[in-house]
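Chemist: Provided below for reference: sequence and predicted model.
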Amino acid sequence: MIFRQLFDNTSSTYTYLLADENHRQAMLIDPVFGQVRRDLALIRELGLTLALVADTHAHADHITAAWLLKQKTGCRIASAKVINADHTDVALENGDEFGVKGVRLKAISTPGHTDGCMSFILEGESMVFTGDTLLIRGCGRSDFQQGSAHRLYHSITGKLFALPDSCLVYPAHDYQGRTVSTIGEEKAFNARVGAGASETDFVEYMNAMKLPHPKLIDEAVPANLRSGRPENGKLPEEPGWGDIRITYAGVPEIDEEWLEQHLGEVTVLDVRLDDEVKDNPQSRRLVDVHIPLNQLRDRLEEIPRDKPVVAMCRSGRRSSLAVSILKDAGFEKVASLSRGFVTSIP
């Protein structure tokens, strides 16, 4: 199985990518609206097709990317039936099995943080995706969205703690940089519900926390009841000057076909060494400015600012750094030529 754990710094949210190596269908658990480019770049680079997105609950701290991913890929959306979110294709109930080809999950209802919380157990019980129900050495709060400390206690101790001790726990959030735990660890060491804590211990702990209201709840919850669809129903604006793709490394790229068709609309910056340019005179027909990468920071004034800039090199590696340098210098419309001269332009 292909498995990746992705992180959103703003909301401390984990998104999980699962796919079967043979069938190449992928699913995302708890995708974040602002990370769609990153997630799609990884899926593209791994040669996968996104078939399904699933939310563990209606989040209060970020907006899901489910609707946006559906618009961009045609994938299906799964979430708990009790949430009754718009645009959902798979309404999950307790015990339902779902997933993509080669990857099967079982949804179990684990309310208490919210009434619509579900945990997803991988076939074979080697992994469980617990959303906000069970966190690493903690758990989700229970003081809003029909939350209940009593229900949360029974969800954790009666359902999640019934899984094998070796089962890996992957939560929706962590605020301390922790990435994974196990059921056995949480049963022994969880600060709120571990080491044999009674229901009274847990409920009194949760009721005494008095946490501040989530900052984004008034925006996030209504949006997530629409599966992340913006209120105006419009897709986010994309860069208007070119057919840009953002790589998983975060580099904006343009392919050679687009560049050949729009040469007069951009400034082409060649960042190869002088000797490399001499060895490949055919490429010079495309170039407007030639500045070796190691001189770029000192010669930025030679690059016009009236057009977008496409940086080029032999393989696309040096031009990706050139893009970063240009952005730091205030160039907003910049991209690297995907794969460079090696596989694209002779």
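Modeler: That came through fine.

Chemist: Show me the strands in the stretch 1-150 of the chain, by range?
Modeler: 2-8, 13-19, 25-29, 49-54, 76-80, 90-92, 97-100, 103-109, 118-122, 127-131, 134-135, 138-139 (DSSP state E, counting those that start in this stretch).

Chemist: most neighbours per residue, which of those?
Modeler: Of all the strands of the stretch 1-150 of the chain, strand 134-135 carries the top mean neighbour count, a mean of 28, counting by mean count of other Cβ atoms under 10 Å. Yep, even glycine has a C-beta here, placed from its N, CA and C like the rest.

Chemist: can you map out the helices along this structure?
Modeler: 36-45, 66-73, 149-154, 183-189, 199-207, 217-224, 256-261, 274-279, 317-328, 340-343 (DSSP state H).

Chemist: name the helices or strands packed onto the fifth one?
Modeler: This means helix 199-207. helix 149-154 (3 or more Cβ pairs under 8 Å, 6 or more residues apart in numbering; DSSP states H and E).

Chemist: pLDDT (mean, whole number) over the helix it packs on?
Modeler: Regarding helix 149-154, the rounded mean pLDDT is 98.

Chemist: and if you look at stretch 309-318?
Modeler: Summarised as a single mean, pLDDT over stretch 309-318 is 94.

Chemist: what's next to that stretch, contact-wise?
Modeler: Contacts to stretch 309-318, defined as Cβ atoms under 8 Å, 6 or more residues apart in numbering, come from residues 242, 253-254, 259, 266-272, 276, 283, 286-287, 293, 303, 319-320, 322-323, 326, 331, 333-342.

Chemist: Just the buried residues of those.
Modeler: 242, 253-254, 259, 266-272, 276, 283, 286, 293, 303, 319-320, 322-323, 326, 331, 333-341 (16 or more other Cβ atoms under 10 Å).

Chemist: need the contact list for residue 86.
Modeler: Listed by Cβ under 8 Å, 6+ apart, the contact partners of residue 86 are 225-227, 229.

Chemist: Which one of those residues sits in the busiest neighbourhood?
Modeler: In terms of neighbours by other Cβ atoms under 10 Å, the contacts of residue 86 top out with residue 227 at 25 neighbours.

Chemist: on that earlier part again, mean pLDDT and distance to residue 68 for the strands of the stretch 1-150 of the chain - can I get that in JSON lines?
Modeler: Compiled in JSON lines, the strands of the stretch 1-150 of the chain are given as follows (pLDDT from 0 to 100; distance: least, Cβ to Cβ, whole Å):
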{"stretch": "strand 2-8", "mean pLDDT": "98", "distance to residue 68": "14"}
{"stretch": "strand 13-19", "mean pLDDT": "98", "distance to residue 68": "13"}
{"stretch": "strand 25-29", "mean pLDDT": "98", "distance to residue 68": "11"}
{"stretch": "strand 49-54", "mean pLDDT": "98", "distance to residue 68": "10"}
{"stretch": "strand 76-80", "mean pLDDT": "98", "distance to residue 68": "11"}
{"stretch": "strand 90-92", "mean pLDDT": "98", "distance to residue 68": "17"}
{"stretch": "strand 97-100", "mean pLDDT": "98", "distance to residue 68": "19"}
{"stretch": "strand 103-109", "mean pLDDT": "98", "distance to residue 68": "22"}
{"stretch": "strand 118-122", "mean pLDDT": "98", "distance to residue 68": "21"}
{"stretch": "strand 127-131", "mean pLDDT": "98", "distance to residue 68": "20"}
{"stretch": "strand 134-135", "mean pLDDT": "98", "distance to residue 68": "26"}
{"stretch": "strand 138-139", "mean pLDDT": "97", "distance to residue 68": "29"}
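
Chemist: With respect to residue 237, which of those lies nearest?
Modeler: For the strands of the stretch 1-150 of the chain, the distance to residue 237 is smallest for strand 2-8, at 20.4 Å, taking Cβ to Cβ.

Chemist: gap between the closest one and the chain center?
Modeler: The chain centre lies 7 Å from the centre of strand 2-8; the measure is Cα atoms, centre = their mean, to the nearest Å.

Chemist: Check what pLDDT the residue lying farthest from the centre of the chain gets.
Modeler: Outermost residue of the chain with respect to the C-alpha centroid, by Cα atoms, centre = their mean, is residue 278; its distance is 42.7 Å. Listed pLDDT for residue 278 reads 79.

Chemist: Residue 73 contacts residue 48, doesn't it?
Modeler: No: in this structure, residue 73 is not within contact of residue 48 by Cβ atoms under 8 Å, at 10.4 Å.

Chemist: Which residues are in contact with the closest residue to residue 46 other than its chain neighbours?
Modeler: Leaving out its chain neighbours, the residue that sits closest to residue 46 by Cβ to Cβ, 6 or more residues apart in numbering is residue 2, at 6.5 Å. Counting by Cβ under 8 Å, 6+ apart, residue 2 touches 17-21, 26, 46, 48.

Chemist: May I see those organised as TSV, with distance to residue 190 added?
Modeler: Shown next, in TSV, are these (distance: Cβ to Cβ, whole Å):
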residue	distance to residue 190
17	26
18	25
19	30
20	32
21	34
26	31
46	34
48	34
